[in-house]
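**Q** Quick one: sequence and predicted model below, then my questions.
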Amino acid sequence: MSLIVTGTGTEVGKTIACAVILTRHARRRRIAYWKPIATGSSESSDARIIRGIVGKNVEILSEVYSLGPPVSPHLAARLERRRIEPERVVDAFVTHALADDRRNLLIEGIGGLLVPLTDDGYLLASLFEELHLPLLIVASSRLGTINHTLLTLEAARSRRLEIAGVILSGPPNAENRRAIERFGSVDVLAEVPVIRSITQQGITRAARLFDRKGRLKQYFE
């Protein structure tokens, strides 16, 4: 099986969560990292970040769309006089899935669940519906996260998307965690603390404390 990592919005820590997950689970299991659609490539690349941190242990698959402007995918494509074709992403997923039946995929989304991929209103959630994989939702632990997380859960469930659980990113906040679990009827599977040094050493330290019960390993077997 494979897993999609999505977020309650942009800049909530999806890529760092992916790095921690891979550091925690990829040594014993074959996992490839894939971010099929990326924007802001003129400034940085999430795939490069992952490669620099855990590249020795995982395969990094190429993006289907790597767009320069650091804006919403539909706008980034328009600014580059391109159009995102969701069927290309689905076809690439099928190719990757069939290439090696012993390899799992950790797929990172872009922005939040309802970010538009095309000007005609095809959303990221629509793509996830076609991939038929469980979602791991990364949410900030800070003020506002209860609303953002519950909205994301509601949007996912309205589309009958399977939810693996929630990861909280940021300073520990027990009350926010309890509220999300209670009102969202969901498990917070793990927490990723503030990582001051986004290096292999910093991520490795965080991974030692991450998902100690191994509840995510079922998605990589």
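**A** Sure thing, it's come through. Residues are numbered from 1 along each chain as shown.
**Q** can I assume residue 190 is in contact with residue 211?
**A** Yes. Contact criterion CB atoms under 8 Å: residue 190 and residue 211 qualify, at 4.4 Å. (Glycine included, C-beta is placed from N, CA and C.)
**Q** roughly how far apart are the nearest residue to residue 13 once chain neighbours are set aside and residue 99?
**A** Counting by CB to CB, 6 or more residues apart in numbering, residue 13 lies nearest to residue 169, which is 3.3 Å off, once chain neighbours are set aside. Distance, residue 169 to residue 99, by CB to CB, to the nearest Å: 31 Å.
**Q** who touches residue 5 in this structure?
**A** 14, 17, 18, 21, 106, 107, 108, 109, 135, 136, 138 (CB atoms under 8 Å, 6 or more residues apart in numbering).
**Q** Show the subsequent helix or strand relative to the helix or strand hosting it.
**A** According to DSSP states H and E, residue 5 maps onto strand 3-7. Sequence order places helix 14-25 as the next helix or strand after strand 3-7, per DSSP H and E.
**Q** Pull the residues that contact that following helix.
**A** By CB under 8 Å, 6+ apart, helix 14-25 touches 5-7, 31, 33, 46, 49-50, 53-54, 57-58, 106, 108-109, 136, 138, 167, 169, 192, 195, 198, 203-204, 206-207, 210-211, 216-217, 220.
**Q** for stretch 170-179, same thing?
**A** Counting by CB under 8 Å, 6+ apart, stretch 170-179 makes contact with 13, 140, 141, 142, 145, 146, 168, 188, 191, 192, 193, 194, all of which sit outside it.
**Q** cool, and stretch 213-221?
**A** The contact list for stretch 213-221 (CB under 8 Å, 6+ apart) reads 1-3, 21, 24-25, 29, 31, 104, 106, 134, 136, 164-165, 187, 189-190, 211.
**Q** Next step: the residues you listed restricted to strands.
**A** 3, 31, 104, 106, 136, 164, 165, 189, 190 (DSSP state E).
**Q** count of neighbours near the second one?
**A** Residues within reach of residue 31, counting by other CB atoms under 10 Å, total 24.
**Q** can you name the farthest residue from the center of this protein?
**A** Ranked by distance from the centre of the chain (CA atoms, centre = their mean), the top residue is residue 81, with 26.6 Å.
**Q** any idea how far residue 158 is from the spatially closest residue to residue 150 that is not a sequence neighbour?
**A** Spatial nearest neighbour of residue 150, excluding adjacent residues (CB to CB, 6+ apart): residue 184 at 5.3 Å. For residue 184, the distance to residue 158 equals 14 Å [CB to CB].
**Q** for this protein, what are the low-confidence residue spans?
**A** Along the chain, no part satisfies pLDDT under 70.
**Q** ok, which stretches of it are helices?
**A** Secondary structure of the chain by DSSP state H: the helices cover 14-25, 46-54, 73-79, 86-99, 124-131, 145-158, 174-184, 200-208.
**Q** JSON lines please, covering these and showing mean neighbour count and distance to residue 65.
**A** Below are the helices of the chain laid out as JSON lines (neighbours: other CB atoms under 10 Å; distance: least, CB to CB, whole Å):
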{"stretch": "helix 14-25", "mean neighbour count": "25", "distance to residue 65": "17"}
{"stretch": "helix 46-54", "mean neighbour count": "19", "distance to residue 65": "12"}
{"stretch": "helix 73-79", "mean neighbour count": "19", "distance to residue 65": "7"}
{"stretch": "helix 86-99", "mean neighbour count": "14", "distance to residue 65": "8"}
{"stretch": "helix 124-131", "mean neighbour count": "18", "distance to residue 65": "12"}
{"stretch": "helix 145-158", "mean neighbour count": "18", "distance to residue 65": "23"}
{"stretch": "helix 174-184", "mean neighbour count": "15", "distance to residue 65": "31"}
{"stretch": "helix 200-208", "mean neighbour count": "16", "distance to residue 65": "26"}
